[in-house]
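S.K.: after the sequence you'll find the predicted model.
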Amino acid sequence: MKVYKYRGISTLDRDLNTLVSNQFFAPTAEQLNDPVETVLNSQLAASLTEAIGEEVHELFNETVEMRKTVGIYSLSHTPYDELMWSHYGESHEGFCIEYDLERLIFEARTNWDIVDVIYSKTPPVLDFSELLSGNGHKELLRKLVGYKSKRWEYENELRIVTTRSGKNNYAEVAVTGIFFGCRCTEESINQIRHALKGRLHEYFTVSYPEHSYDLKSSPLERDKNIDGEPKKHRAPVEEFAISACGHSGNDSNLLKKIEKAVEIVRCDPSCELVVLGDISASKKDHICVMYETNVETGLDNTLSRFFPIHAL
């Protein structure tokens, strides 16, 4: 799924720095532009947890306090919303980043939550039974960061909720496109393209067709003088990473598919070393490629990607 981040031109240098570094900044709820972020109707649940016991009540309070520390990266489902361009794209003079959501969160594994915002006329009510469920902690967090006033509905927002606020790293290939607003100057467009020289994503200009209120986009042709030559990356494959696969060695067609999957992974700029290519033991009819990533997340740097055999 593709998701979008609108950016203004006044913070271009800051935003280009994070783009070039393959990072996004997730602020706390208090740093967002809605003063009633994380408002929750929880009086009843608070009273009940207090009545049950101090330990349960403390757990409830600790979870509520997480709204002050988790990071929230706000994204939209569309690059064609005129209000978003007016507000966050600074009167259409800015740009919009297109991400592949699955790849954006891939290196983080299970450390982030994905929340589709629900728009309501009143703050959400926390039901006591939700606290006692197996997902009580997560459900409370979702209610804290996943609801906004009905007035914000035009944003069509999806949120990545990170464990802590601040900068987060992702793989370069997670960015799949850049859209330029209809008032974005040629100077700004060239500055962005030059800063991202050599990358493989696409560029688009957004405009209003004649006699229409509906925005559309048109692709920009690559210009070697601005965009440079596409960067080539081909990570090494550990010795015996493929040939050691005993149960696939007698099937030449299957071996070719494994080699193809390995080739896809090793050409990803985030891949440092392919350590294994084999039939997956956990996902039926899939090939698994294990590799070491160069994306710093504070977690183990060995990842696995899966490919349906029939698709290779």
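M.R.: Thanks, I have it.
S.K.: rest of the way, CA atoms for contacts and neighbours
M.R.: OK.
S.K.: give me every residue that touches residue 166.
M.R.: 25, 26, 27, 71 (C-alpha atoms under 8 Å, 6 or more residues apart in numbering).
S.K.: for residue 24, same thing?
M.R.: So residue 24 contacts 18, 73, 167, 168, 169 (C-alpha under 8 Å, 6+ apart).
S.K.: mind redoing it with 10 Å?
M.R.: By C-alpha atoms under 10 Å, 6 or more residues apart in numbering, the contact set of residue 24 is 15, 17, 18, 73, 104, 166, 167, 168, 169, 170.
S.K.: okay, and which of the residues you listed map to strands?
M.R.: 73, 166, 167, 168, 169 (DSSP state E).
S.K.: quick one: which of those is nearest to residue 236?
M.R.: Using C-alpha to C-alpha, residue 169 is the member of the ones in strands among the contacts of residue 24 that sits closest to residue 236, with 22.7 Å.
S.K.: excluding covalently adjacent residues, which one is nearest to that closest one?
M.R.: Leaving out its chain neighbours, the residue that sits closest to residue 169 by C-alpha to C-alpha, 6 or more residues apart in numbering is residue 23, at 4.5 Å.
S.K.: where does the prediction get shaky in the stretch 51-200 of the chain?
M.R.: 51-63, 126-137 (pLDDT under 70).
S.K.: can you get me a residue count around residue 87?
M.R.: Residue 87: 13 surrounding residues under other C-alpha atoms under 10 Å.
S.K.: okay but it is in contact with residue 7, surely?
M.R.: Yes - assessed by C-alpha atoms under 10 Å, residue 87 is found in contact with residue 7 at 9.4 Å.
S.K.: need the helices for the stretch 151-300 of the chain, in chain order.
M.R.: Ranges of helices within the stretch 151-300 of the chain are 186-195, 224-227, 252-266, based on DSSP state H, counting those that start in this stretch.
S.K.: out of these, which gets nearest to residue 307?
M.R.: Using C-alpha to C-alpha, the nearest of these to residue 307 is helix 252-266, at 6.9 Å.
S.K.: tell me, what residue is most central in this structure?
M.R.: With distances taken as C-alpha atoms, centre = their mean, the residue of the chain nearest its centroid is residue 104 (3.6 Å).
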